[in-house]
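Participant: 3D model of this:
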Amino acid sequence: MSPVKPIKTFRDLLSFLTIIPVGGKEDFIFTTAEHVYLFPIIGGFIGVLSAAYFVGSGYIVRFLLGLVNSVIALPTDFLSKLAVAAMTVAFLLVITGLQHFDGLIDLGNAVGLGNLHDRKMVAHAWTVTYAGAVLATAVEFAAFVGLFFISPLFAFGAIIAAEVSAKLAMVTIVWVGKPTHKGLGSIFLAKAKKKLNLIAYALSVLIVYPFFAFSLNPILGLIGIAIVLVSIPVALVMEKVSENVFGGVSGDTIGATNEVARAVTLILLGVLTVLAILK
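Facilitator: Residues are numbered from 1 along each chain as shown. This is a model prediction of the structure:
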C-alpha cells in the first residue's frame, strides 16, 4: 500500500470531523464513509488537543484568578473549575465545527411534532425551536457538569476517553441504523464496511486503556474501558430515538449521537470522581 493513502485517509477524516484546515480533497466525504471504523483514532486526536487545552487553560485561569484574589477574596478553586469546564466544552464544540451540535438541535426541533413529514422538514430548516434549544443546552450542560466534577488527576485521560466514546457511538449507530433518506447519513450507512467496524471497538480500547492504567492503575484501566463501551448502549438508544422521530438514521442523528455519548461519558466519569473511585 502506498504511504500516501493512509495519510490521505487520516487527512480526509480530520477534514470531516474537525475544522482543522488540512486540505481534504473533494471526495473526503466518501473516504470518511468508507473508513468510519477509524473514527476512534480521530476521537483520540481531538481528545488530546482538548485535554491539552483543558490543562493549559487551567493554569492560565488559576493564575489570573490568583492575581485578582490578591486584591479581592474569591473562591478561586470553584471559579477556576467552572471556567475551565465551560471553556473546554466550548473548545470541543468549536473544533468540531458545531456540526454535531447542529444535529442535536435538529433532532430537538423535530421531537414532538405531529407527523413524520413535519419532523423531517423542520430538521432541514434553518431554525431553532424551543425544544431544539432545550435539548442542545441540556446535553452540553451535562458535559460541562461532568468536566466540572472530574478529578484533575486524570482529567487528561478522561477527556480523551469521552471523545473516543463519542466517535465509537457514531460508528455503532451507523452500523445498526437504516437511512431515512438520500443524504449525508445514507452515504455513511451505505459505504461503511460492516465487518471492519469491529476494528473501532478494538481501537477504542487500545487508545483509552493506557491513559487510565498508566496514570492510575490497571484495575482502573478496565473501568476506563467499561466507561467508553457505555457508548454502545447510548448509540443503540439513539438509533431507536431516531427511528421513532425520523423513521431511520440521518446525518443529524449521527451527529447528535456524538454529543450525547460524550456527555454521558463525562457525567459517568464525574460521578465516579464524586464517589472517590477515581481519586
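Participant: please report the distance of Asp106 from His35.
Facilitator: 25 Å (Cβ to Cβ, to the nearest Å). The C-beta positions use only the backbone N, C-alpha and C, and glycine is treated the same way.
Participant: all the strands of the chain, residue numbers only.
Facilitator: In the chain, no strands are defined using DSSP state E.
Participant: spatially central residue in it, please.
Facilitator: Ala166 (3.7 Å; Cα atoms, centre = their mean).
Participant: nearest residue to it other than its sequence neighbours?
Facilitator: Arg262 (4.0 Å; Cβ to Cβ, 6 or more residues apart in numbering).
Participant: show me the contacts for that neighbour.
Facilitator: Neighbouring residues of Arg262 by Cβ atoms under 8 Å, 6 or more residues apart in numbering: Leu92, Ala143, Ala162, Glu163, Ser165, Ala166.
Participant: returning to that earlier point: between Asp106 and His35, point out the one with more neighbours.
Facilitator: Asp106 (29 against 22; other Cβ atoms under 10 Å).
Participant: quick one: the helices in the protein?
Facilitator: For the chain, helices defined by DSSP state H occupy the ranges 4-17, 28-34, 39-69, 76-95, 99-110, 116-123, 130-149, 155-176, 184-191, 198-213, 218-229, 231-246, 251-274.
Participant: export those helices to CSV and tack on mean pLDDT?
Facilitator: Conversion of the helices of the chain to CSV gives the following (pLDDT from 0 to 100):
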stretch, mean pLDDT
helix 4-17, 80
helix 28-34, 77
helix 39-69, 92
helix 76-95, 93
helix 99-110, 85
helix 116-123, 70
helix 130-149, 92
helix 155-176, 91
helix 184-191, 68
helix 198-213, 87
helix 218-229, 79
helix 231-246, 91
helix 251-274, 91
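Participant: burial-wise, tell me which of those comes out on top.
Facilitator: For these, the largest average neighbour count (mean count of other Cβ atoms under 10 Å) is found in helix 155-176, namely a mean of 28.
Participant: ok and it relative to helix 4-17, angle-wise?
Facilitator: Per axes from the mean of the first three to the mean of the last three Cα atoms, to 10 degrees, the angle that helix 155-176 makes with helix 4-17 is 100 degrees.
Participant: ok, Ala85 touching Phe141?
Facilitator: No. Contact criterion Cβ atoms under 8 Å: Ala85 and Phe141 do not qualify, at 10.4 Å.
Participant: export stretch 8-21 as CSV, just CAs?
Facilitator: Provided in CSV are the C-alpha atoms of stretch 8-21 (Å, rounded to 0.1, in the frame of the first residue of the first chain):
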residue,chain,number,x,y,z
LYS,A,8,-4.9,11.0,2.7
THR,A,9,-7.4,8.9,4.7
PHE,A,10,-6.3,10.5,8.0
ARG,A,11,-6.5,14.0,6.4
ASP,A,12,-9.9,13.3,5.0
LEU,A,13,-11.2,12.0,8.3
LEU,A,14,-9.8,15.1,10.1
SER,A,15,-11.4,17.4,7.5
PHE,A,16,-14.8,15.8,8.1
LEU,A,17,-14.7,15.6,11.9
THR,A,18,-12.9,18.9,12.7
ILE,A,19,-12.4,22.4,11.4
ILE,A,20,-8.6,21.9,11.2
PRO,A,21,-7.5,23.0,7.7
